[in-house]
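A.B. asks: here's my sequence, what's the structure:
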Amino acid sequence: MNPAICARAAVFSLLAGCVLAGQSIANEPSQGRVIASAEGFDVLSTRERVEPENRMVRDRLETLLPRLMAETKLDMWLVINREYAEDPVYFTLVPQPSFAARRTTMLVFHRQPDGSVDRLSVNRYPLGEPYSSAWAGGDLDAQWKALAELIVSRNPQRIGINVSREWPVADGLTSALHERLREVLPPEFASRLVPAESLVVRWLETRSAAELAVYPHIIGIARGVIAEAFSTRVITPGVTTTQEVAWYIRARFESLGLPIWFFPDVNRQRQGVPCEADAPFCGDSGVIEPGDVLHTDVGICYLKLCTDTQEMGYVARLGETEVPAGLQAAMQTGNRWQDLLTSNFSTGRTGNEALALTRAAATKARIAASVYTHPLGMFGHAPGPTIGMWDNQGSTPVQGDWPIYPNTVYAIEGNIKQAVPEWGGQLVQMKLEQGALFDGERVTYLAGRQTRWHLIR
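C.D. replies: Residues are numbered from 1 along each chain as shown. The predicted structure follows:
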């Protein structure tokens, strides 16, 4: 089947087999080198994205939310927000096309004795499927009164609200709305309000089967654009600058209709410009010359799922047909570091524990490594277990204490430094990052990982 047709069919059908087959045009997992550009992928138009996005949202609400509300022991969950001040979790819950919480929008999720969850809206403008309208029309006072009456009639014992000191994504209920909620509820019910931060984090970090079917395709697009940027199609040594490559990457994603969630970074390392052992990051900007080591960091969001990818390239000198052996060895060490980290993923183990085990293993293997791995999902820097930070290789309170759960996706991110004999023993920093799934037993790179350099010659 034509790969572009396969990719489009896969998104509509949400069948993993077709998506994974399409990935072969962008990645050779055994080789680790991207061999085709993003032109090999067919990206859905904004209009075409609505149906699969809404299907995935409904699937999550029907199959995932009931389980997570039971897990976090919440009988009811309230998501209340206003236009221009939307709760971070709001757009993960509502159908597309949605651009704002119109006026004041109230979502009510009530867990039933049979384990199902009623999905209700208390809004001036009904949302429609997959929500049932519990109230519509009227003024703001009537809306708040209707919400209070609904809560009292359902009589939940633990009512989750989005307030959190430690998790920004779980702190979407504004102070004024929180105050108004407490005012309209009888004191007995106001006392039942509890933070819903555990539910919010679990909701945002957990991937459904349908999402995992399309995620390889999304990450493959990001990797394909990197391959395109790190090629002679874009780079003319001695002429092209790192900033021009970064702007090319941004423009390329825009041409595909894909939003970036941070501006792409492109930097260079070169022989004679030392990479200090204690420097957190090595690399500068400027004109790209033969012999340069290139690095890029890019992130896009598509079908409500985000990527975060870093890869390395080498600009061949005149007469070179391969990457110098010392740089190839550094890539192997970077992959070895990734293996040490992913081998320490285990259900229930905290991010801090995984970090400590990985650092100990790297020290034993004499690998100079820095770990700063984070969850991926509906945000690029998604909630879940923090596994190190670039400026803190010790324990991270709260986020680092969060346990690793199955069916969660991570940006396996960090770097190693290694001496390059061809550079007179000068250090090179390998900054690598790839999206990977932890399924409860093993870690799998969703669109392969880089094991060979992008060679620009």
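A.B. asks: tally of neighbours for Ser45?
C.D. replies: 8 (other CB atoms under 10 Å). (C-beta placed from N, C-alpha, C; glycine too.)
A.B. asks: how much space separates it from Tyr302?
C.D. replies: As judged by CB to CB, to the nearest Å, Ser45 and Tyr302 stand 12 Å apart.
A.B. asks: please identify the helix or strand for Gly326.
C.D. replies: helix 325-342 (DSSP states H and E).
A.B. asks: same question for that helix, mean pLDDT?
C.D. replies: Averaging pLDDT along helix 325-342 yields 98.
A.B. asks: buried ones in the helix or strand that it is followed by?
C.D. replies: Later in the chain than helix 325-342, the nearest helix or strand by DSSP H and E is helix 351-364. Neighbour counts over helix 351-364 (16 or more other CB atoms under 10 Å) mark Gly351, Asn352, Glu353, Ala354, Leu355, Ala356, Leu357, Thr358, Arg359, Ala361, Ala362 as buried.
A.B. asks: turn those into a markdown table, including distance to Leu147 and pLDDT.
C.D. replies: What follows is the buried residues of helix 351-364, written out as a markdown table (distance: CB to CB, whole Å; pLDDT from 0 to 100):
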| residue | distance to Leu147 | pLDDT |
| --- | --- | --- |
| Gly351 | 37 | 98 |
| Asn352 | 40 | 98 |
| Glu353 | 42 | 98 |
| Ala354 | 42 | 98 |
| Leu355 | 43 | 98 |
| Ala356 | 46 | 98 |
| Leu357 | 47 | 98 |
| Thr358 | 47 | 98 |
| Arg359 | 49 | 98 |
| Ala361 | 52 | 98 |
| Ala362 | 52 | 98 |
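A.B. asks: residues in contact with the helix holding Gly326?
C.D. replies: Surrounding helix 325-342, the residues in contact under the criterion CB atoms under 8 Å, 6 or more residues apart in numbering are 32, 293, 312, 314, 322, 354, 358, 361-362, 365, 367, 369, 371, 373, 387, 412, 414-416, 418-423, 428, 430, 432, 434, 436, 443, 449-453.
A.B. asks: mind redoing it with 6 Å?
C.D. replies: If you take CB atoms under 6 Å, 6 or more residues apart in numbering as the criterion, helix 325-342 is touched by 358, 361-362, 367, 369, 412, 416, 418, 420-422, 428, 430, 432, 443, 451.
A.B. asks: stretch 368-377 now?
C.D. replies: 204-205, 308, 337, 355, 358, 362, 381-382, 384, 387-390, 409-417, 435.
A.B. asks: now, of these, which are buried?
C.D. replies: Judged by 16+ other CB under 10 Å, buried ones among the contacts of stretch 368-377: 204-205, 308, 337, 355, 358, 362, 381-382, 384, 387-389, 409-417, 435.
A.B. asks: looking at the residues you listed, which are in strands?
C.D. replies: Val409, Tyr410, Ala411, Ile412, Glu413, Gly414, Asn415, Ile416, Lys417, Gly435 (DSSP state E).
A.B. asks: what sits against the fifth one?
C.D. replies: When you say that, I think you mean Glu413. Contacts of Glu413 (CB under 6 Å, 6+ apart): Tyr372, Thr373, Glu433.
A.B. asks: any figure for the gap between the first one and Ala134?
C.D. replies: Noted for Tyr372: a distance of 44 Å to Ala134, by CB to CB.
A.B. asks: same deal with the second one?
C.D. replies: Here the distance between Thr373 and Ala134 works out to 42 Å (CB to CB).
A.B. asks: those two: which is more packed in?
C.D. replies: Neighbour comparison, Thr373 and Ala134: the larger count goes to Thr373, with 25 against 21 (by other CB under 10 Å).
A.B. asks: dump the ones in strands among the buried ones among the contacts of stretch 368-377 to JSON lines, plus distance to Leu258.
C.D. replies: Formatted as JSON lines, those follow (distance: CB to CB, whole Å):
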{"residue": "Val409", "distance to Leu258": "18"}
{"residue": "Tyr410", "distance to Leu258": "21"}
{"residue": "Ala411", "distance to Leu258": "17"}
{"residue": "Ile412", "distance to Leu258": "22"}
{"residue": "Glu413", "distance to Leu258": "21"}
{"residue": "Gly414", "distance to Leu258": "26"}
{"residue": "Asn415", "distance to Leu258": "26"}
{"residue": "Ile416", "distance to Leu258": "30"}
{"residue": "Lys417", "distance to Leu258": "33"}
{"residue": "Gly435", "distance to Leu258": "15"}
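A.B. asks: and Pro113, how many neighbours?
C.D. replies: Residues near Pro113, counting by other CB under 10 Å: 5.
A.B. asks: secondary structure element for it?
C.D. replies: Using DSSP H and E, Pro113 falls outside every helix and strand.
A.B. asks: wait, doesn't Gly435 sit right on Gly220?
C.D. replies: No. Look at Gly435 against Gly220 with CB atoms under 6 Å: they stay out of range, at 9.8 Å.
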